[in-house]
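Novice: give me a model of this one.
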Amino acid sequence: MSGILVHLMRHGAPYEPGLLLGHRDDAPTPVGIARCVSRSAALAFERVISSDLRRSSIPAAQIAAMRRLPHSLDPRWREIDFGAWDGMAPHQLDPAVQARFWDDPEAFAPPGGERWSQLCARVGEAVAGIDRASLILTHGGAMRAALSVLFGFDHRQVWAFELPYGALVSLRIWPGEGLPAAQILSLDSSKAG
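Specialist: Just a heads-up that it's a prediction; the model follows:
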């Protein structure tokens, strides 16, 4: 069996890059949208799935319309919920508190926010439902959670590589009982420019 191609793409740049954007629904810039559209041009897929947040759903809708493919919104592909930190710049937070979160996002979730295991659980459910070649326009945290779920990487390992706006990770998955087996085909974290 040849497996199913799955392309995970991070959304394009929002108007205020550098903020902790979790469930806050900021739109992407026109340049950010164009980057996603351009990056998708050479990819093979049968459908487009995206987070329901605009920074993912707007470019996904354009890509799907251009290819005349179905586009479905799936909130399980949202970014981690930063709770009270959502929309804040990192310099606005206590550095020690922020360091505890990045060191152990399971034990030190943002106030009112989501734990790492909660993010991985919802993304894992979404991954388990993939049944055909798909482009998934999502967020950096959700992409890392998918890699964690599929390959057993811990949070430190998935944060060891950069996923800038428009980053693309291509996988091959083999569905089965529970989570699919998977292989990383490519990781393109090149920056725009």
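Novice: got a list of what residue 154 touches?
Specialist: Residues near residue 154 by Cβ atoms under 8 Å, 6 or more residues apart in numbering: residue 148. Just so you know, the C-beta spots here come from the backbone N, C-alpha and C atoms, and that holds for glycine as well.
Novice: what do you get if the cut-off is 10 Å, keeping everything else the same?
Specialist: 106, 116, 148 (Cβ atoms under 10 Å, 6 or more residues apart in numbering).
Novice: in terms of helices and strands, where is the last one?
Specialist: Under the assignment given by DSSP states H and E, the secondary-structure element containing residue 148 is helix 140-151.
Novice: now do that helix: which elements does it pack against?
Specialist: Helix 140-151 makes packing contacts with strand 4-10, helix 116-128, strand 134-138, helix 155-158, strand 168-174, strand 181-188 when contacts are defined by 3 or more Cβ pairs under 10 Å, 6 or more residues apart in numbering; DSSP states H and E.
Novice: could you dump these into TSV and include distance to residue 84, mean pLDDT and mean neighbour count?
Specialist: Formatted as TSV, the helices and strands packed on helix 140-151 follow (distance: least, Cβ to Cβ, whole Å; pLDDT from 0 to 100; neighbours: other Cβ atoms under 10 Å):
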stretch	distance to residue 84	mean pLDDT	mean neighbour count
strand 4-10	24	98	24
helix 116-128	16	97	20
strand 134-138	23	99	27
helix 155-158	20	91	16
strand 168-174	30	97	19
strand 181-188	32	94	13
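Novice: reformat those as JSON lines; add distance to residue 60.
Specialist: Shown next, in JSON lines, are the helices and strands packed on helix 140-151 (distance: least, Cβ to Cβ, whole Å):
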{"stretch": "strand 4-10", "distance to residue 60": "9"}
{"stretch": "helix 116-128", "distance to residue 60": "14"}
{"stretch": "strand 134-138", "distance to residue 60": "4"}
{"stretch": "helix 155-158", "distance to residue 60": "22"}
{"stretch": "strand 168-174", "distance to residue 60": "14"}
{"stretch": "strand 181-188", "distance to residue 60": "18"}
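Novice: so residue 115 touches residue 141, yeah?
Specialist: No - if you go by Cβ atoms under 10 Å, residue 115 and residue 141 don't touch, sitting 11.9 Å apart.
Novice: ok, these two, which is more surrounded?
Specialist: Each of residue 115 and residue 141 has its neighbours counted (other Cβ atoms under 10 Å); residue 141 has more, 26 against 17.
Novice: list the contacts of that one.
Specialist: 10, 21-22, 78-82, 105, 114, 116, 119-120, 123, 155, 158-159, 163.
Novice: what about 8 Å?
Specialist: Residues near residue 141 by Cβ under 8 Å, 6+ apart: 22, 79, 80, 119.
Novice: next one: residue 14
Specialist: Applying Cβ under 8 Å, 6+ apart to residue 14 gives the contacts 21, 26, 27, 28, 29, 32, 55.
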